[in-house]
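In: what follows is a predicted protein model with its sequence.
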2 protein chains.
Amino acid sequence: MQELDECDKKILSQLQKNNRITAEELGQMINLSTSAVQRRLKKLREEKVIEADISVISPHAVGISITCIVDVTLHVGSSKVVDTFKSLISDCHEVTQCYYVTGAYDFVIIVNTKDMKHYENFSKKYLMDNPDVKQFYTHVVMDKVKAGLGVNI
Amino acid sequence: MQELDECDKKILSQLQKNNRITAEELGQMINLSTSAVQRRLKKLREEKVIEADISVISPHAVGISITCIVDVTLHVGSSKVVDTFKSLISDCHEVTQCYYVTGAYDFVIIVNTKDMKHYENFSKKYLMDNPDVKQFYTHVVMDKVKAGLGVNI
DNA sequence: TTTGAAATAAGCATTCG
DNA sequence: CGAATGCTTATTTCAAA
């Protein structure tokens, strides 16, 4: 993919807030014909500049009321330990985000559960009873000040 | 909003993976007429069970190559300090996520920047030179193992 | 009142100048 | 690149359960 021009950036900036906007509306905003916008949209999706188009579901509405951020340190003897943990967490539905990071601990994971009881179950199964986990520290989220995926375009 | 039934949940589960799917396709999946699906979609959007419909943009494609997770501790003298920090961060484009949490520190923020130089500028402006910030610790993300917003439906 | 199907409108993909 | 076309999808309406 070649460089994105200003129009592409404006389109992307809009889409990451609302992807149900029509090509016509987009065109009016950035002074481009509907066709031109459609061509760009097609290309941006084909080239995976737009990685996905999704709906954001209210966690509360589906019974999710607890979000925890957990700092995890592993007994890192080999890279296999890290890979095993990655794949374990990838398959865990309660975990919506997982980052392998530098610094005082190895992973930061964000866990969504129905209530504290369910979080307890999760932490037992995936953290306490996991011999590769050296230690972990749980932060309960009191306020999601900001919680998007958008990037600064 | 009353209880979501199984059909609603299946619809939501699909939409949070792909919201460009047609009502007809959704209907075939869950054995419902196109009209029925449309009615549910309309309601789910009206009642904000579907909070938003967005495109996910490739950070790499728009020149974002560094993601950092920062643990922030404030000099908490009053709730005003907390609120001020929340609003400061809300207006900061580099920060895509911000959580106010319990535990060893007060906030976890996720920061996206072009490169380390830009991260340094960010941290100077918003953290080092901010008298309300007692201390902060930066983790550089080496691998985004999982990075969605989806919830376990 | 709720459902599915038909009619209408709107948006998208494609072709052409 | 932009206008015009046909095609797909969404919205609205209506009749029946």
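Out: On my side now, so go ahead. The shown structure was predicted, so the numbers you read here are calculated from the model rather than taken from an experiment.
In: from now on I want contacts and neighbour counts done on CA atoms only, so please keep to that.
Out: OK.
In: isn't residue A:55 up against residue B:19?
Out: Yes. Contact criterion CA atoms under 8 Å: residue A:55 and residue B:19 qualify, at 5.7 Å.
In: where do the contact lists of the two overlap?
Out: Counting by CA atoms under 8 Å, 6 or more residues apart in numbering or on different chains, the common neighbours of residue A:55 and residue B:19 are residue B:53.
In: comparing those two, which residue is more hemmed in?
Out: residue A:55 (26 against 21; other CA atoms under 10 Å in any protein chain shown).
In: hmm, the strand ranked longest in chain A in reach of chain B?
Out: Counting residues, the longest strand in chain A under DSSP state E turns out to be strand A:133-147. Yes. With CA under 8 Å from any CA of the partner chain as the criterion, chain B is reached by strand A:133-147 at A:138, A:139, A:140, A:141, A:142, A:143, A:144, A:145, A:146, A:147.
In: three-state assignment of residue A:112?
Out: strand (DSSP: H, G, I helix; E, B strand; the rest coil).
In: separation between the spatially most central residue of chain A and residue B:148?
Out: Nearest to the mean C-alpha position of chain A, by CA atoms, centre = their mean, lies residue A:97 at 5.4 Å. As judged by CA to CA, to the nearest Å, residue A:97 and residue B:148 stand 6 Å apart.
In: next one: residue A:99
Out: 11 Å.
In: which of those two has more neighbours?
Out: Neighbour count, other CA under 10 Å: between residue A:99 and residue B:148, residue A:99 has more, with 24 against 17.
In: how about residue A:108, what does it touch?
Out: Residue A:108 touches A:69, A:70, A:71, A:72, A:98, A:99, A:100, A:101, counting by CA under 8 Å, 6+ apart.
In: possible to save those residues as a markdown table with secondary structure?
Out: Listed next are the contacts of residue A:108 as a markdown table, based on three-state DSSP:
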| residue | secondary structure |
| --- | --- |
| A:69 | strand |
| A:70 | strand |
| A:71 | strand |
| A:72 | strand |
| A:98 | strand |
| A:99 | strand |
| A:100 | strand |
| A:101 | strand |
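In: just name the closest of those to residue B:3, please.
Out: For the contacts of residue A:108, the residue nearest residue B:3 by CA to CA is residue A:69; the value is 28.0 Å.
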